[in-house]
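Participant: need a 3D model of the following:
(one chain, ligands or ions: 2)
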Amino acid sequence: MTQTNNNMTVNPDLAMERAKCNFNVLEVTHIFDGGERNTLQRKKIEDVALNSGASKDALGEEHMSPKEKYENAVRKSCIYATMMKNELAELSGLESFGVSSPVIRRTADAFFKEVSPFLLHLGMFVPTIMGQCTPEQQSYWLPRALDMQIIGTYAQTELGHGTFIRGLETTATYDPETEEFVLHSPTLSSYKWWAGGLGKTVNYCIVVAQLYTKGECHGTHPFIVQIRDEDTHVPLPGIKVGEIGPKMGFNTADNGFLGFDHYRIPREHMLMKNAQVLKDGTYVKVARHGKLTYGTMVFVRVVLVNEVAFNLAKASTIAVRYSAIRRQSKPKPDEVEPQILDYVTQQHKLFIAIATAHALQLCSTWLWESFSAVLAQMKGGNTDTLPEFHALSSCLKAISTSDSAHLIEQCRHACGGHGYMISSGIPNLYNFVSATRTYEGDYTVLLLQTARFLVKAYEQAEAKKPLTPTVSYLAHAFSGSRATWDNSPDGIIRSFQALAAGKTAVCVTNMRKRMRAGLSQVDAWEMSTIQLVAAAEAHCRAVIADTYRKEIVRLTANSSPNVKVVMDQLTTLYLYYWALERTGDLLMFTSVSQKDLVDLQIAYEELLLKIRPNAVGLVDAFDLRDELLHSTLGSYDGRVYERLMEEALKSPMNKEPVSDAYSKYLRPMMKGKL
Ligand SMILES: CCCCCCCC/C=C\CCCCCCCCCCCC(=O)SCCNC(=O)CCNC(=O)[C@H](O)C(C)(C)COP(=O)(O)OP(=O)(O)OC[C@H]1O[C@@H](n2cnc3c(N)ncnc32)[C@H](O)[C@@H]1OP(=O)(O)O
Ligand SMILES: Cc1cc2nc3c(=O)[nH]c(=O)nc-3n(C[C@H](O)[C@H](O)[C@H](O)COP(=O)(O)OP(=O)(O)OC[C@H]3O[C@@H](n4cnc5c(N)ncnc54)[C@H](O)[C@@H]3O)c2cc1C
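Facilitator: Numbering: from 1, shown residues only. Ligands and ions are numbered 1, 2, ... in the order given. From the prediction side, this is the model:
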């Protein structure tokens, strides 16, 4: 029997789950949103952006040709950008729209099943203007970019190099005669490759190139470069630009390639906040830290933690709601088939996804606040906190994107065959999030950046020198005894820190051994990189666990008792899950016994059962409108089978009773006339 909820016909199993939920869902929504005020503001923004129906497509994107898909994404980007400039900017309290509202960013997902071709404009072009220009340059470029009179992207990666920025080959050679830079692509591998929106959409881009002046190379620097006519959009002479072709995801983002044939730009188009070339060609370094030109990447790494938390919340909403309506198998012959959510293995797949979405959401807010503090210090000329922040943002970007991609795939597994349908929404989420593990710094490469910092910090701890906050636990690495296991939340967090410290110590010891045996420092490092990656991962897990726990305790201080309980259950589940995933490490670096681990497994299984009645309430608390989920399996009303059939009937393959392929191929073959 169906029930109605807010004038909506709701699947009875979902209605039953909602009746069972024992905590105030709205209170948890406020926690996830960062406060009641944010929830109210988000809802206002969503109402304005989504109630008009402008986000909807007449024909599903998945049935369109690549060209139609792209054009449709541009059409909707223009509608959304216009809303952003007008109604939404005002609602979000921004003077102008742009990068600073995660809600506006998240609401955009209702318009795009994949991504907007404007993503790089708002996500990297505008932030680079904000972060890399002098005030004069900013006052010229920023209003034009924010008003979308020009559209840009960020072209750094080349065919031959993405990770190793110092290896980029595009050159920008200063010509003092004309006071211009000459941009050139000397080889095929120097062609810019990948930039989002570059293929067909943008008319400007940030180009990262090796700067030459007075015959000397000064390394990579950013330039703002016009590539298409502002009126006709035709590529300018000296520019070779195009789209790179179909990809696993991002197919509405027209990622592009770009080559230069001695293409000239004015001297003022070098972004000169951190370094300058004077009219006569003299190079002047302004910045106190050599890596400040990498600032936009650091910004995006911070933003990505928030992005993937949101996408994981979507996948877990879809999979949990579906698991509540799906019934399968008959373990007890006299009873009806159970909801698949009742299987403990299903709970094991899904509840960690819910807990991780919370953990990453809270860590992303904390990371953003730390980033703001670092930026404020750098404004005053102090770059002391940058190395620690680079190490922190690198590992959090790597682990959050990797865990989210893995858990989204796990949500797909949890949805069985129907999860494989594009209409389930999960494949698009996976395709989007799995790319985040690679772009803006590959997983391994970024963890090795964190490992560099960890090793240095370990050496400082060894020398009894002061440590920065996120690695202060390394001070205990030299006690000589194994960390004492204790299964309280704080005890588990201390154990995670002991794993990170222990793994770092092993790396340092092995590198020293290898160097004593005659290896160079570079080779000893290289031979230890598997363990260095593991040490950085362990460090990151300790940071996430600690931050998640502290933030939940803080945010639930005034919550109602049942909300406190369910939030505590989720954080505990997160800690137990990762302790059980790392039993070998715990045995190596803590005093944990086999019995402790058996007990922990039982405690974990009991926790799953405690969370079970609140599972649907927990995903409802993410408060994701159906428009954002794009899912036949995860909609609020649970009309799963009806929606699957409705979508199947929309398939262009069902337009004709007999396919043309019958008369062209099947019939001739079957009649032996092919
Ligand atoms: C209307 C439409 C609506 C649409 C709505 C849209 C709304 C949008 C709003 C917001 C959206 C935001 C979402 C954003 C999504 C954006 C999508 C992005 C798509 C992808 C873009 C890209 O991928 S751009 C390319 C990114 N490339 C990389 O990340 C390259 C990775 N490589 C590196 O970073 C570096 O090469 C390296 C760090 C790996 C090595 O650098 P290098 O060789 O120079 O250094 P060393 O290894 O020698 O190290 C020396 C020393 O420096 C330290 N260091 C390195 N980097 C940094 C740094 N960044 N900061 C500080 N310090 C650094 C390093 O640790 C070493 O220190 P030591 O002390 O010597 O150890
Ligand atoms: C969807 C998408 C969108 C993108 N958008 C943009 C964009 O808008 N603008 C832009 O400039 N770029 C963009 N990129 C490019 C992206 O930033 C790079 O692909 C990314 O930084 C990885 O670099 P790479 O491709 O050179 O990988 P590689 O470095 O070639 O990595 C290949 C393998 O080598 C390993 N490896 C490399 N170096 C090391 C090392 N030192 N130690 C150990 N292992 C190593 C890696 O771990 C990986 O396993 C995009 C990429 C994707 C997938």
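Participant: ok, residue 540 - contacts?
Facilitator: 395, 396, 398, 399, 447, 450 (CB atoms under 8 Å, 6 or more residues apart in numbering). No exception for glycine: its C-beta is placed from N, CA and C like everyone else's.
Participant: does ligand 2 have contacts with the helix or strand hosting the first one?
Facilitator: Taking DSSP states H and E as the criterion, residue 395 maps to helix 386-414. No: against ligand 2, helix 386-414 shows no contacts by CB under 6 Å from any ligand atom, the least distance being 10.2 Å.
Participant: helices or strands up against that helix?
Facilitator: The contact analysis (3 or more CB pairs under 8 Å, 6 or more residues apart in numbering; DSSP states H and E) places helix 386-414 against helix 295-325, helix 344-379, helix 426-436, helix 443-462, helix 529-555.
Participant: what's the most buried one of those helices?
Facilitator: helix 295-325 (a mean of 26; mean count of other CB atoms under 10 Å).
Participant: redo the helices and strands packed on helix 386-414 as CSV? Include mean pLDDT.
Facilitator: Formatted as CSV, these follow (pLDDT from 0 to 100):
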stretch, mean pLDDT
helix 295-325, 98
helix 344-379, 97
helix 426-436, 98
helix 443-462, 98
helix 529-555, 98
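Participant: export these to TSV and tack on distance to residue 507?
Facilitator: Below are the helices and strands packed on helix 386-414 laid out as TSV (distance: least, CB to CB, whole Å):
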stretch	distance to residue 507
helix 295-325	23
helix 344-379	25
helix 426-436	27
helix 443-462	7
helix 529-555	5
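Participant: for those helices, which one sits closest to residue 34?
Facilitator: helix 344-379 (5.9 Å; CB to CB).
Participant: domain parsing for the protein?
Facilitator: Domain ranges of the chain: 121-287, 443-620, per automatic domain parsing.
Participant: columns distance to ligand 1 on top of the ones you listed, output as TSV?
Facilitator: Listed next are those as TSV, based on distance: least, CB to the nearest ligand atom, whole Å:
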stretch	distance to ligand 1
domain 121-287	3
domain 443-620	4
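Participant: nearest to ligand 2, of these?
Facilitator: domain 121-287 (2.4 Å; CB to the nearest ligand atom).
Participant: end-to-end on that closest one?
Facilitator: End-to-end distance for domain 121-287: 25 Å, by CA to CA, to the nearest Å.
Participant: mean confidence for it?
Facilitator: Per-residue pLDDT over domain 121-287 has a mean of 97.
Participant: for the nearest residue to residue 148 once chain neighbours are set aside, grab phi and psi.
Facilitator: Nearest residue to residue 148 in three dimensions, chain neighbours excluded: residue 81, at 5.6 Å (CB to CB, 6 or more residues apart in numbering). In terms of degrees, to the nearest 10, the main-chain angles of residue 81 are phi -60, psi -40.
Participant: number the chain from 47, please
Facilitator: In the new count, where the first residue is 47, that last one comes out as residue 127.
Participant: ok, residue 127 touching residue 165?
Facilitator: No: here residue 127 lies out of contact with residue 165, judged by CB atoms under 8 Å, at a distance of 11.5 Å.
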